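**Q** below is the sequence, then the predicted model.
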Amino acid sequence: MNRHFTFCSNLIIEALKNNSRVAQSMKVLVTGGAGFIGSHLVDLLVERGDEVIIFDNMSSGRAEFFAHHGENVQFVEGDLLDLDAVKAAMDGIDLVFHLAANPDIRLGTRVTDTDLKQGTIATYNVLESMRCADVKNIAFASSSVVYGEASEMPTPETYGPLFPISLYGASKLGSEALITSWVGTFGLKAWLFRFANIVGARGTHGVIFDFIHKLKADPTRLEVLGNGRQEKSYMEVIDCARAMVHLTESTNDQVNCFNLGTHDTCSVRRIAEIVVEETGFENVSIEYTGGDRGWAGDVPKTMLDPSALFDQGFTPNYDSEGAIRHTASTLIQEIGLP
């Protein structure tokens, strides 16, 4: 046989192996799949034809977020702190999307072991269960908070050293380290997604959600924590889910680390103005509590560099302000106003 033909054939076979995740449907476990971001990811995975198992303790997840899939998804109500339950859910899994975590950063300032348990220890249990079941692929929902108060903005994935200033950020960075250690020790392949502030439909927490509820209680006044100058990158939730799916299909290194966000930012002051505009309420007094951050551990300004994501051929549908306005309009309909 012609050696050139044989060489080319081997290259094609290897390429097919590397892209086998895309060429055929997979059995995918989504921790936190009943939650805000997870349920949107489940929508895309079902649409792609994957067999999807949701593992969620329903502390912030909602059955109505995935009920429309009927028997197309399998739901396991369980706690990631229960190692045996996690191991039982791992049978035959091709890829784990590990999204489950404490969704309330501020809670960690009051109950200080929250992020340790629901973040770091939960991630250990996922990884150990994967090792026992010989599951080799994990995609992890990390966060921009791992960068702490970064001196370089826009902040690239290569920025360091990393000094998070919140317990939530410490947990995310610790989980990243556990995952990369499992890659080096046990041969896993990993995707680490450092999220901007994710907003959108089905939101159950966050600044837009809080503002709408405050205005629902008192349409004449809106209290804003801090001075309103806090400024961050935002990403619409379906864009976020699309980006995760896109990157697990298009990248294939042992460790694939990406910022998920947009090229711009939006201030809390502007978010307050947009939410008031979308409610249609008039003569609302926007009042600020003062200080450069909303709570202990809040990073006053973040701006991610999403160039690596965009270089993979991904384009978000919304910029930061567009995502915020879309979210405000959507959540107002979901929450309802007087």
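**A** Yep, that arrived. Numbers count the residues shown, from 1 in each chain.

**Q** what residue lies at the spatial centre of the protein?
**A** By Cα atoms, centre = their mean, the chain has its centre lying nearest to Ala141, at 4.5 Å.

**Q** quick check: which ranges of the protein have low pLDDT?
**A** Flagging of the chain using pLDDT under 70 yields the residue ranges 1-23.

**Q** give me the domain ranges for it.
**A** Domain assignment for the chain, taken from automatic domain parsing, gives 26-199+237-260, 207-231+264-335.

**Q** ranking these by burial, who's on top?
**A** domain 26-199+237-260 (a mean of 20; mean count of other Cβ atoms under 10 Å). Just so you know, the C-beta spots here come from the backbone N, C-alpha and C atoms, and that holds for glycine as well.

**Q** any idea how far it is from the middle of the chain?
**A** In terms of Cα atoms, centre = their mean, to the nearest Å, the centre of domain 26-199+237-260 is found 7 Å from the chain centre.

**Q** ok, residues contacting the longest helix seen in the chain?
**A** If you go by DSSP state H, the chain has its longest helix at helix 167-186. Residues from elsewhere that reach helix 167-186, judged by Cβ atoms under 8 Å, 6 or more residues apart in numbering: 101-102, 105, 108-109, 112, 114-116, 118-120, 123-124, 127, 130-131, 138, 140, 142-143, 145-146, 148, 162, 164, 188-190, 192, 254-255, 297.

**Q** quick check: Val52 touching Val46?
**A** Yes - taking Cβ atoms under 8 Å as the definition, Val52 is a contact partner of Val46 at 5.7 Å.

**Q** what do those two both touch?
**A** 69, 72-73.

**Q** next, format those as TSV and append secondary structure and distance to Ile93.
**A** Conversion of those to TSV gives the following (DSSP: H, G, I helix; E, B strand; the rest coil; distance: Cβ to Cβ, whole Å):
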residue	secondary structure	distance to Ile93
His69	helix	18
Asn72	helix	17
Val73	strand	14
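
**Q** and Gly228, how close does it get to Arg270?
**A** 8 Å (Cβ to Cβ, to the nearest Å).
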